[in-house]
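Enquirer: fold the stuff below for me.
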Amino acid sequence: MSKPIGILGGTFDPVHIGHLRMALELLAALELSEVRFIPVHTHPFGKTPVATPEQRAEMLRLALADLPQCKVDTRELQRANVSYTVETLASLHAEVEETPLCLFLGLDAFRQLDGWHRWQELLDYCHLVVVDRPDMSPSTADLQTASTSPTIQTLLSQHAVDSPGALHEQRAGCVLFQSIPTLDISATQLRNSLKHEQTIRFLVPDAVLDYIHQHQLYTRNA
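Expert: Residues are numbered from 1 along each chain as shown. Presented below is the predicted three-dimensional model:
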């Protein structure tokens, strides 16, 4: 079986250094073959991106130009409708044959997983990798509490694994908690800084910053 492919979805409005560091950390920690950045067209929870789909895709291409194991996948932008993760995973699963897929999730997103569209099908197509900071990463036992919904508790009891090696042994069906160093950067923070004419240098790749300035994205008059 081939090395797994990591999946990082989001609006990437704009893509920033935090996204890139997460991808590189997980590439190494999980021994992945690549990470695919998949920008959403329309977020199912009503978050409307500021930049256009084409602009967000181009910023991703610029950001990943020197990272050969990180690729842009625009399939959700091509659908031009609400981006449901399960549909994206199903299409990828059909394409990559014997290659496992690993969907990256933050802890908050994982806790709310049972509110996602057709969430029960996700593990038919991928593994879930729940990412958090080393000082904040919970154990599986920590999540088996009243603060976590019974459906998520059941999911953990049936699918949790302790080792990244399990992600290489089957195509889908595992939940792994992986702690990595993370950078406290948010796209909302960056947009607000630009709106108030504050620098975001070193928080996004230089090529992305040049693109933002060239197209006057996220400015007060945009």
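Enquirer: looking at this structure, which helix is longest?
Expert: With DSSP state H setting the assignment, residue counts place helix 17-30 as the longest helix in the chain.
Enquirer: any chance you could map the helices in this protein?
Expert: 17-30, 53-63, 75-79, 85-95, 107-111, 122-125, 140-143, 150-159, 166-169, 187-195, 206-214.
Enquirer: taking helix 206-214 as reference, get the angle to the first one.
Expert: Here helix 17-30 runs at 160 degrees with respect to helix 206-214, directions being taken by axes from the mean of the first three to the mean of the last three Cα atoms, to 10 degrees.
Enquirer: what lies in contact with helix 17-30?
Expert: 4, 6, 8, 10, 12, 32, 34-35, 37, 63-64, 67, 69-70, 102, 104, 129, 131, 164, 167, 178, 180-186, 202-205 (Cβ atoms under 8 Å, 6 or more residues apart in numbering). C-betas here are computed from N, CA, C, even on glycine.
Enquirer: can you list the buried residues in it?
Expert: Neighbour-count burial for helix 17-30 flags I17, G18, H19, L20, M22, A23, E25, L26, L27, L30 (criterion: 16 or more other Cβ atoms under 10 Å).
Enquirer: same question for the fourth one.
Expert: For helix 85-95, the neighbour count (16+ other Cβ under 10 Å) marks T85, V86, E87, T88, L89, A90, L92, H93 as buried.
Enquirer: gap between the third one and A23?
Expert: I take that to be E87. Shown here: E87 relative to A23, a distance of 22 Å by Cβ to Cβ, to the nearest Å.
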